[in-house]
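[1] 3D model of this:
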Amino acid sequence: MDYRPLGSCGISCSRLAWGAFKIGRDEGTKFPDGYTIPSEDDAIATVHEMLDLGITFIDTAPSYGLSEARLGRALADRREDVVLATKVGEQFIDGRSHHDFSSTAAVKSLHESLRRLGTDHVDLLLVHSDGDDRAILEDEEYIETLRSFRSGGLTRAIGFSGKTTEGNRRALDWSDAIMVEYHLDDRSHEPVITEAADRGVGVIVKKALRSGHLPAANALEFLFHDSPVADGITSVMVGSLSGDRMRENAAVLRQ
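    Residues are numbered from 1 along each chain as shown. The predicted model follows:
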């Protein structure tokens, strides 16, 4: 496994990262093939398998169903091995997403996440945008609340998981890292990735396989090696539940 600094915030991440969505939620997804979330024991075994592969960066969110609670149990004795990211702004309740970008909601959400994760801090806290990036980013009080989480030690770094190039570019003004959708079928974020690298902001790629619609080998070959902005990407997030597939994905990185 290769590792890269997450911008200039002092955190090092595995270049292949793992998204923990599928251990907690199988409802309301965009994946082409259905699946059933694993049992708790199988979920914990999957987390440990990812760590044993050298994947040190794990991403979750309150909207990922059981994911945070299961990670908390899986990482009880291995928290120091992990760069752990979660989010504020979205909850998934009764089969629907609910968004709240108020400071009050952010405080409540983060403390609930820390309780479920069994930790006193996360390494990266991201805003889980609903797509109206501009409205979120115009709320200075909300951004200041995120900064207060960092200064108060509840997170080591803060950032934005936006939906638009405009929003992710604007978030560079205060973010330690941004999470962007970038893959062979959507290269619109390339200028933002370049600017982020120039400004010392980490870049995490989400939906690297376009939610399972792109062949993994081709998609990752592009992101790790062929993309003109590959050097500006800190980590590529993949959410497979299969250890064998993640080994294959890691092999693409080592080519």
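[2] Show the pLDDT at the residue nearest to residue 212 when sequence neighbours are not counted.
    The shortest distance from residue 212 to any residue other than its chain neighbours is 4.6 Å, reached at residue 31 (C-beta to C-beta, 6 or more residues apart in numbering). (Each C-beta comes from the backbone N, C-alpha and C, glycine too.) Residue 31 is assigned a predicted lDDT (pLDDT) of 77.
[3] Count the neighbours of residue 31 for me.
    Using other C-beta atoms under 10 Å, residue 31 is surrounded by 14 other residues.
[4] next one: the one 5 residues further on
    Using other C-beta under 10 Å, residue 36 is surrounded by 7 other residues.
[5] In a helix, it, correct?
    No. Using DSSP: H, G, I helix; E, B strand; the rest coil, the assignment for residue 36 is coil, not a helix.
[6] so the residue nearest to residue 212 sits in a strand?
    No. According to three-state DSSP, residue 31 belongs to no strand; its state is coil.
[7] Surely it touches residue 207?
    No. Taking contacts as C-beta atoms under 8 Å, residue 31 lies outside contact range of residue 207: 10.7 Å.
[8] Could you report the distance from the residue nearest to residue 212 to residue 99?
    Computed as C-beta to C-beta, to the nearest Å, the residue 31 to residue 99 distance reads 21 Å.
[9] Same check on residue 148?
    Distance from residue 148 to residue 99, by C-beta to C-beta: 21 Å.
[10] do the same with residue 129
    Distance of residue 129 to residue 99, computed by C-beta to C-beta: 8 Å.
[11] what are the ranges of the strands in the protein?
    3-5, 12-14, 16-19, 57-59, 83-88, 90-93, 96-99, 122-128, 155-161, 177-181, 202-206, 235-238 (DSSP state E).
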